[in-house]
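Asker: test case, fold it:
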Amino acid sequence: MRSAKADWARPKPTWQTRIAGVVWLGVVWLALWGEISVANLLSGLVVAMVLVAVFPIGAPVRQGRFRPLAAMKLAVVFGWALVVSTLEVALLVLRPGSAAIQGIVAVPLHSRSPVVSYAVANVTSLTPGTVTVDIDESSATLFVHALTGADLGAVRERVERFERLIRAAFGEAP
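Answerer: Predicted coordinates:
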């Protein structure tokens with residue numbers, strides 16, 4: 001059995017990953033300058049090498065199979081959550097004299113995977129009215145600030161549903 005610390009470890013970058021990073025950053029540098037010249041090419045490669053040395057990027061973490069039908073279900077549920085929460089926030093803002101009830105809810109995640117945890121945190125933060133405040137890596141707990149915190153149980157259920165759908169879409173058993 002692996003420890004929680006091992007689950008959160010970042011893979012060490014390989015030389016192929018570093019070269020790919022330098023090439024990609026060099027291409028982006030040239031695209032931002034808008035013209036290909038020797039000076040732009042050399043300065044882009046220098047900047048890219050410095051960035052790759054200072055911010056090493058490990059190999060992508062693969063954790064299972066991608067399931068397209070489950071990913072489509074995630075997209076539909078997330079899209080619906082966007083619509084509903086956008087309307088809730090808009091009504092809260094436009095209603096005269098209404099006061100926003102705020103709260104922070106701790107949501108323990110079932111997955112110890114950093115990929116799943118970060119995906120859940122991002123989907124939660126992209127939903128209007130909620131933002132991920134912190135992820136406690138040792139206990140795999142997500143802390144979410146809710147603008148309409150009158151029903152923190154509903155916020156917790158939505159985050160847990162996002163986690164189940166993400167785990168189903170990206171290869172972990174729900």
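
Asker: every contact and neighbour count from this point should use C-alpha atoms.
Answerer: Will do.

Asker: and the helix or strand hosting residue 116, how far out from the chain's middle?
Answerer: In this assignment (DSSP states H and E), residue 116 forms part of helix 114-126. How far helix 114-126 lies from its chain's middle: 4 Å, per CA atoms, centre = their mean, to the nearest Å.

Asker: what are the contacting residues of it?
Answerer: Here helix 114-126 makes contact (CA atoms under 8 Å, 6 or more residues apart in numbering) with 7-8, 61, 78, 109, 111, 130-132, 135, 140, 142, 144, 159, 162-163, 166-167.

Asker: residue 56 belongs to a strand?
Answerer: No - checked against DSSP: H, G, I helix; E, B strand; the rest coil, residue 56 lies outside a strand; its state is coil.

Asker: could you report the pLDDT at the nearest residue to it once chain neighbours are set aside?
Answerer: Nearest residue to residue 56, sequence neighbours excluded (CA to CA, 6 or more residues apart in numbering): residue 13, at 6.5 Å. Looking at residue 13, its pLDDT is 71.

Asker: so what's the residue count around residue 13?
Answerer: 14 (other CA atoms under 10 Å).

Asker: tell me where this protein has strands.
Answerer: Taking DSSP state E as the criterion, the chain carries its strands at 103-108, 130-136, 141-146.

Asker: comparing these, which comes out most buried?
Answerer: strand 141-146 (a mean of 22; mean count of other CA atoms under 10 Å).

Asker: can you pull out the helices in this structure?
Answerer: Using DSSP state H, the helices of the chain run over 4-7, 15-33, 38-54, 68-94, 114-126, 152-169.

Asker: which one of the ones you listed lies closest to residue 105?
Answerer: With CA to CA as the criterion, residue 105 lies closest to helix 152-169 of the helices of the chain, at 6.4 Å.

Asker: related to what we said a few turns ago, which one of the helices of the chain lies closest to residue 100?
Answerer: That would be, of the helices of the chain and by CA to CA, helix 68-94, which comes in at 6.9 Å.
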